[in-house]
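> what shape does this take:
(one chain, ligands or ions: 1)
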Amino acid sequence: MNSFRQCLAQFGLGLIGLGLFSGNALAAQPKPWQLGFQDAATDNMTQITNFNDFLLILMTAITLVVLGLMVYVMLRFNAKANPEPSKTTHNTLVEVVWTVVPILILVIIAIPSFRLLYYQRVLPEADMTVKATGYQWYWGYEYPDHGGFAFDSLMLNDDERGDQPRLLATDTAMVVPVNTTVRVIVTGADVLHSWAMPAFGVKMDAVPGRLNETWFRAEQTGTYYGQCSELCGIRHAFMPIRVEVVEPEAFASWVVEAQAEYAQLETSKNMLADASNLDK
Ligand SMILES: [Cu+2]
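Sure thing, here's the model as predicted:
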(Lines give C-alpha, C1' and ligand atoms only; values in the text may rest on other atoms or scores of the structure.)
Protein backbone atom coordinates (compact mmCIF):
# COMPACT_ATOMS: atom_id res chain seq x y z
CA MET A 1 0.00 0.00 0.00
CA ASN A 2 2.77 2.33 1.00
CA SER A 3 4.67 1.83 -2.20
CA PHE A 4 1.46 2.29 -4.19
CA ARG A 5 0.90 5.62 -2.47
CA GLN A 6 4.51 6.62 -3.10
CA CYS A 7 4.09 5.67 -6.71
CA LEU A 8 0.90 7.72 -6.95
CA ALA A 9 2.56 10.69 -5.27
CA GLN A 10 5.48 10.43 -7.65
CA PHE A 11 3.11 10.33 -10.60
CA GLY A 12 1.27 13.38 -9.29
CA LEU A 13 4.52 15.26 -8.71
CA GLY A 14 5.64 14.26 -12.17
CA LEU A 15 2.47 15.70 -13.69
CA ILE A 16 2.77 18.89 -11.64
CA GLY A 17 6.43 19.06 -12.61
CA LEU A 18 5.55 18.72 -16.27
CA GLY A 19 3.09 21.58 -15.98
CA LEU A 20 5.12 23.92 -13.80
CA PHE A 21 8.63 23.34 -14.92
CA SER A 22 8.43 22.68 -18.63
CA GLY A 23 10.60 25.38 -20.14
CA ASN A 24 12.64 25.68 -16.95
CA ALA A 25 16.30 25.18 -17.86
CA LEU A 26 17.52 24.36 -14.35
CA ALA A 27 17.89 20.63 -14.83
CA ALA A 28 18.62 19.99 -18.47
CA GLN A 29 19.00 16.26 -18.20
CA PRO A 30 16.69 13.30 -18.68
CA LYS A 31 13.98 13.18 -16.00
CA PRO A 32 11.49 10.54 -14.83
CA TRP A 33 8.16 10.87 -16.65
CA GLN A 34 9.73 13.11 -19.22
CA LEU A 35 7.81 13.89 -22.38
CA GLY A 36 9.40 15.63 -25.34
CA PHE A 37 12.84 17.19 -25.43
CA GLN A 38 15.16 18.05 -22.59
CA ASP A 39 14.99 21.69 -21.55
CA ALA A 40 16.91 23.93 -23.90
CA ALA A 41 20.21 25.31 -22.61
CA THR A 42 21.10 27.19 -25.81
CA ASP A 43 19.28 29.53 -28.17
CA ASN A 44 19.78 26.88 -30.87
CA MET A 45 17.84 24.26 -28.88
CA THR A 46 15.12 26.80 -28.05
CA GLN A 47 14.66 27.38 -31.78
CA ILE A 48 14.64 23.61 -32.47
CA THR A 49 11.97 23.12 -29.78
CA ASN A 50 9.85 25.97 -31.17
CA PHE A 51 10.16 24.60 -34.71
CA ASN A 52 9.18 21.14 -33.47
CA ASP A 53 6.12 22.57 -31.68
CA PHE A 54 5.13 24.52 -34.79
CA LEU A 55 5.35 21.35 -36.94
CA LEU A 56 3.35 19.39 -34.37
CA ILE A 57 0.53 21.96 -34.51
CA LEU A 58 0.66 22.06 -38.31
CA MET A 59 0.52 18.29 -38.76
CA THR A 60 -2.23 17.93 -36.17
CA ALA A 61 -4.28 20.47 -38.12
CA ILE A 62 -3.61 18.67 -41.43
CA THR A 63 -4.55 15.30 -39.91
CA LEU A 64 -7.79 16.71 -38.49
CA VAL A 65 -8.74 18.33 -41.83
CA VAL A 66 -8.10 15.08 -43.74
CA LEU A 67 -9.98 13.08 -41.10
CA GLY A 68 -12.89 15.53 -41.29
CA LEU A 69 -13.02 15.26 -45.09
CA MET A 70 -12.98 11.46 -44.95
CA VAL A 71 -15.75 11.31 -42.35
CA TYR A 72 -17.79 13.77 -44.42
CA VAL A 73 -17.34 11.67 -47.58
CA MET A 74 -18.22 8.45 -45.76
CA LEU A 75 -21.43 9.91 -44.32
CA ARG A 76 -22.55 12.10 -47.20
CA PHE A 77 -21.68 9.89 -50.18
CA ASN A 78 -22.25 6.33 -49.01
CA ALA A 79 -24.63 4.07 -50.99
CA LYS A 80 -27.55 4.76 -48.67
CA ALA A 81 -27.23 8.55 -48.41
CA ASN A 82 -26.29 9.04 -52.06
CA PRO A 83 -27.84 6.21 -54.13
CA GLU A 84 -27.18 7.94 -57.49
CA PRO A 85 -23.50 8.92 -57.65
CA SER A 86 -22.41 11.83 -59.82
CA LYS A 87 -20.48 10.99 -63.01
CA THR A 88 -17.94 13.84 -62.49
CA THR A 89 -14.33 12.90 -63.36
CA HIS A 90 -12.54 16.28 -63.36
CA ASN A 91 -12.84 19.53 -61.49
CA THR A 92 -10.16 22.06 -62.39
CA LEU A 93 -10.63 24.26 -59.34
CA VAL A 94 -10.41 21.35 -56.87
CA GLU A 95 -7.35 19.93 -58.64
CA VAL A 96 -5.54 23.27 -58.55
CA VAL A 97 -6.40 23.70 -54.88
CA TRP A 98 -5.13 20.25 -53.86
CA THR A 99 -1.88 20.90 -55.71
CA VAL A 100 -1.26 24.48 -54.61
CA VAL A 101 -2.22 24.13 -50.93
CA PRO A 102 0.36 21.36 -50.18
CA ILE A 103 3.02 23.40 -52.00
CA LEU A 104 2.19 26.42 -49.85
CA ILE A 105 2.35 24.26 -46.70
CA LEU A 106 5.80 22.97 -47.74
CA VAL A 107 7.01 26.53 -48.37
CA ILE A 108 5.71 27.58 -44.94
CA ILE A 109 7.73 24.70 -43.41
CA ALA A 110 10.83 25.23 -45.57
CA ILE A 111 11.44 28.89 -44.66
CA PRO A 112 11.96 28.44 -40.87
CA SER A 113 13.63 25.07 -41.51
CA PHE A 114 16.34 26.52 -43.78
CA ARG A 115 16.75 29.53 -41.50
CA LEU A 116 17.44 27.21 -38.56
CA LEU A 117 19.77 25.01 -40.61
CA TYR A 118 21.77 28.09 -41.63
CA TYR A 119 21.91 29.27 -38.02
CA GLN A 120 23.38 25.91 -36.98
CA ARG A 121 25.76 25.37 -39.87
CA VAL A 122 27.36 28.82 -40.12
CA LEU A 123 29.71 29.13 -37.17
CA PRO A 124 29.69 32.48 -35.39
CA GLU A 125 32.96 34.01 -34.18
CA ALA A 126 34.04 31.51 -31.52
CA ASP A 127 35.43 32.56 -28.13
CA MET A 128 37.22 29.26 -27.61
CA THR A 129 37.75 25.85 -29.20
CA VAL A 130 37.51 22.37 -27.75
CA LYS A 131 38.37 19.24 -29.70
CA ALA A 132 36.31 16.14 -28.94
CA THR A 133 37.67 12.81 -30.15
CA GLY A 134 35.58 9.64 -30.13
CA TYR A 135 37.39 6.44 -29.18
CA GLN A 136 36.11 2.88 -28.76
CA TRP A 137 34.60 3.54 -26.21
CA TYR A 138 35.09 6.89 -24.52
CA TRP A 139 35.59 10.56 -25.39
CA GLY A 140 38.80 12.57 -25.29
CA TYR A 141 38.96 16.38 -25.03
CA GLU A 142 41.68 18.84 -25.96
CA TYR A 143 41.84 22.57 -25.16
CA PRO A 144 44.10 24.14 -27.82
CA ASP A 145 43.31 27.72 -26.69
CA HIS A 146 44.36 27.02 -23.11
CA GLY A 147 47.80 25.48 -23.51
CA GLY A 148 46.71 22.38 -25.36
CA PHE A 149 46.08 20.05 -22.44
CA ALA A 150 44.10 16.91 -23.14
CA PHE A 151 42.26 14.29 -21.11
CA ASP A 152 39.88 11.38 -21.50
CA SER A 153 36.36 11.08 -20.15
CA LEU A 154 35.16 7.59 -19.23
CA MET A 155 31.82 6.30 -18.01
CA LEU A 156 31.49 5.58 -14.30
CA ASN A 157 29.77 2.36 -13.26
CA ASP A 158 27.03 2.16 -10.63
CA ASP A 159 29.43 1.86 -7.68
CA GLU A 160 31.36 4.97 -8.71
CA ARG A 161 28.75 7.33 -10.09
CA GLY A 162 27.40 8.87 -6.84
CA ASP A 163 24.55 11.28 -7.67
CA GLN A 164 25.19 11.26 -11.38
CA PRO A 165 22.59 9.57 -13.60
CA ARG A 166 23.11 5.93 -14.59
CA LEU A 167 24.90 5.30 -17.92
CA LEU A 168 25.51 9.07 -18.25
CA ALA A 169 28.00 9.53 -15.41
CA THR A 170 31.61 10.21 -16.39
CA ASP A 171 34.85 10.59 -14.43
CA THR A 172 35.93 13.85 -16.08
CA ALA A 173 33.84 16.38 -17.98
CA MET A 174 34.27 18.85 -20.77
CA VAL A 175 34.20 22.17 -18.86
CA VAL A 176 33.21 25.40 -20.58
CA PRO A 177 32.26 28.90 -19.37
CA VAL A 178 28.65 30.08 -19.54
CA ASN A 179 27.55 32.55 -22.27
CA THR A 180 30.62 31.73 -24.32
CA THR A 181 30.55 30.66 -27.95
CA VAL A 182 32.39 27.35 -28.00
CA ARG A 183 33.56 25.82 -31.24
CA VAL A 184 33.68 22.04 -30.95
CA ILE A 185 35.92 20.21 -33.37
CA VAL A 186 34.81 16.61 -33.60
CA THR A 187 36.70 13.64 -34.96
CA GLY A 188 36.91 9.90 -34.50
CA ALA A 189 40.08 7.98 -33.68
CA ASP A 190 38.96 4.52 -34.82
CA VAL A 191 35.38 4.23 -36.14
CA LEU A 192 32.41 6.57 -36.60
CA HIS A 193 31.06 8.11 -33.39
CA SER A 194 28.81 11.11 -32.87
CA TRP A 195 29.12 13.86 -30.28
CA ALA A 196 25.56 14.66 -29.23
CA MET A 197 24.26 16.99 -26.52
CA PRO A 198 20.43 17.19 -26.53
CA ALA A 199 20.10 20.27 -24.29
CA PHE A 200 22.39 22.21 -26.67
CA GLY A 201 20.68 20.97 -29.84
CA VAL A 202 24.02 19.64 -31.08
CA LYS A 203 24.80 16.35 -32.80
CA MET A 204 27.94 16.04 -34.89
CA ASP A 205 29.44 12.95 -36.52
CA ALA A 206 32.96 12.02 -35.42
CA VAL A 207 34.60 10.70 -38.56
CA PRO A 208 38.11 9.19 -38.53
CA GLY A 209 40.49 11.27 -40.65
CA ARG A 210 38.18 14.23 -40.81
CA LEU A 211 37.55 17.28 -38.60
CA ASN A 212 33.91 18.25 -38.30
CA GLU A 213 32.95 21.36 -36.43
CA THR A 214 29.91 22.57 -34.59
CA TRP A 215 29.25 25.18 -31.92
CA PHE A 216 27.13 26.01 -28.92
CA ARG A 217 26.63 28.87 -26.51
CA ALA A 218 25.24 27.61 -23.21
CA GLU A 219 23.08 30.17 -21.43
CA GLN A 220 22.74 28.41 -18.06
CA THR A 221 25.37 26.96 -15.77
CA GLY A 222 24.87 23.32 -14.90
CA THR A 223 25.70 19.75 -15.78
CA TYR A 224 24.54 18.47 -19.14
CA TYR A 225 24.56 14.91 -20.40
CA GLY A 226 24.70 13.43 -23.87
CA GLN A 227 25.66 10.16 -25.52
CA CYS A 228 27.55 8.86 -28.49
CA SER A 229 24.90 8.80 -31.22
CA GLU A 230 26.51 6.71 -33.94
CA LEU A 231 26.51 2.94 -33.54
CA CYS A 232 30.23 2.34 -32.94
CA GLY A 233 30.61 -1.11 -31.48
CA ILE A 234 29.81 -3.28 -28.51
CA ARG A 235 30.18 -0.53 -25.89
CA HIS A 236 28.47 2.19 -27.94
CA ALA A 237 25.90 2.68 -25.17
CA PHE A 238 28.61 3.21 -22.57
CA MET A 239 30.49 6.28 -23.80
CA PRO A 240 28.42 9.15 -22.39
CA ILE A 241 29.26 12.84 -22.65
CA ARG A 242 29.21 15.22 -19.70
CA VAL A 243 29.57 18.97 -20.13
CA GLU A 244 29.94 21.23 -17.12
CA VAL A 245 28.93 24.82 -17.84
CA VAL A 246 30.41 27.07 -15.15
CA GLU A 247 30.96 30.76 -14.40
CA PRO A 248 34.00 32.27 -16.16
CA GLU A 249 35.99 32.54 -12.89
CA ALA A 250 35.40 28.88 -12.08
CA PHE A 251 36.44 28.00 -15.62
CA ALA A 252 39.68 29.98 -15.27
CA SER A 253 40.61 28.17 -12.07
CA TRP A 254 39.64 24.80 -13.60
CA VAL A 255 41.97 25.57 -16.54
CA VAL A 256 44.87 26.21 -14.14
CA GLU A 257 44.19 22.91 -12.35
CA ALA A 258 43.73 21.00 -15.59
CA GLN A 259 46.95 22.39 -17.08
CA ALA A 260 48.81 21.15 -14.04
CA GLU A 261 47.09 17.78 -14.04
CA TYR A 262 47.15 16.85 -17.70
CA ALA A 263 50.52 17.06 -19.40
CA GLN A 264 50.69 19.22 -22.48
CA LEU A 265 50.50 17.24 -25.68
CA GLU A 266 52.54 17.92 -28.76
CA THR A 267 49.58 16.71 -30.84
CA SER A 268 47.47 19.52 -29.46
CA LYS A 269 49.74 22.09 -31.07
CA ASN A 270 49.40 20.33 -34.39
CA MET A 271 45.67 20.28 -33.83
CA LEU A 272 45.71 24.03 -33.17
CA ALA A 273 47.29 24.49 -36.57
CA ASP A 274 44.57 22.30 -38.09
CA ALA A 275 41.91 24.35 -36.35
CA SER A 276 43.20 27.67 -37.64
CA ASN A 277 43.42 26.19 -41.13
CA LEU A 278 39.69 25.51 -40.94
CA ASP A 279 39.04 29.26 -40.99
CA LYS A 280 40.85 29.76 -44.28
CU1 LIG B 1 30.77 5.89 -30.14
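> which helix runs longest in this structure?
For the chain, the helix with the greatest residue count under DSSP state H is helix 43-76.
> next one: it to chain centre, how far?
A distance of 23 Å separates the centroid of the chain from that of helix 43-76, by Cα atoms, centre = their mean, to the nearest Å.
> I'd like the average pLDDT over the next helix or strand after it.
Later in the chain than helix 43-76, the nearest helix or strand by DSSP states H and E is helix 92-121. What helix 92-121 shows for mean pLDDT is 96.
> got the buried residues for helix 92-121?
Judged by neighbour count using 16 or more other Cβ atoms under 10 Å, the buried positions of helix 92-121 are L116, Q120. Placement of C-beta: from N, CA and C, glycine included.
> what angle sits between the longest helix of the chain and helix 92-121?
160 degrees (axes from the mean of the first three to the mean of the last three Cα atoms, to 10 degrees).
> now for helix 43-76, which elements pack on it?
Using 3 or more Cβ pairs under 8 Å, 6 or more residues apart in numbering; DSSP states H and E, the elements in contact with helix 43-76 are helix 92-121, strand 212-217.
> go through those and name the closest to V245.
The closest of those to V245 is strand 212-217. By Cβ to Cβ, the value is 9.5 Å.
> beta partners of V186?
A132, N212 (DSSP bridges).
> and it, what does it touch?
Counting by Cβ atoms under 8 Å, 6 or more residues apart in numbering, V186 touches K131, A132, T133, G134, W195, M204, D205, A206, L211, N212, E213, T214.
> 6 Å - rerun?
Contact analysis of V186 by Cβ atoms under 6 Å, 6 or more residues apart in numbering lists A132, W195, M204, A206, N212.
> against the ion, how distant is it?
11 Å (Cβ to the ion, to the nearest Å).
> now do that residue, the pLDDT please.
Per the predicted model, pLDDT is 97 at V186.
> same check, this time on E249
E249 is given a pLDDT of 96.
> make a markdown table out of the contacts of V186 and add distance to the ion.
Formatted as a markdown table, the contacts of V186 follow (distance: Cβ to the ion, whole Å):
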| residue | distance to the ion |
| --- | --- |
| A132 | 11 |
| W195 | 9 |
| M204 | 12 |
| A206 | 7 |
| N212 | 14 |
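> tell me the one among those nearest to V71.
M204 (45.4 Å).
> any idea how far that closest one is from T187?
Between M204 and T187 the distance is 10 Å, computed by Cβ to Cβ, to the nearest Å.
> pLDDT weak spots in the chain?
Residues of the chain meeting the criterion pLDDT under 70: 1-28, 263-280.
> domain ranges for it?
43-121, 128-278 (automatic domain parsing).
> quick one, which of the ones you listed is packed in tightest?
The highest average neighbour count among those, using mean count of other Cβ atoms under 10 Å, belongs to domain 128-278 at a mean of 18.
> chain center to that one, what's the gap?
15 Å.
> need the residues of this protein near the ion, please.
H193, C228, C232 (Cβ under 5 Å from the ion).
> in strands only, show me the residues you listed.
H193, C228 (DSSP state E).
> can you lay out the residues of the chain next to the ion as CSV showing distance to A126?
Output for the residues of the chain next to the ion, formatted as CSV (distance: Cβ to Cβ, whole Å):
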residue, distance to A126
H193, 22
C228, 23
C232, 27
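> closest to E247 among the residues of the chain next to the ion?
Distances from E247 to these, taken by Cβ to Cβ, are shortest for C228, at 28.4 Å.
> OK, contacts around P240?
Taking Cβ under 6 Å, 6+ apart as the test, what P240 contacts is M155, L168, T170, Q227.
> any idea which of the residues you listed is the one closest to the ion?
Comparing the contacts of P240 against the ion with Cβ to the ion picks out Q227 as the nearest, at 8.5 Å.
> gap between the closest one and M174?
14 Å.
> which one of the contacts of V186 is nearest to Q120?
Of all these, Q120 sits closest to M204, with 10.0 Å by Cβ to Cβ.
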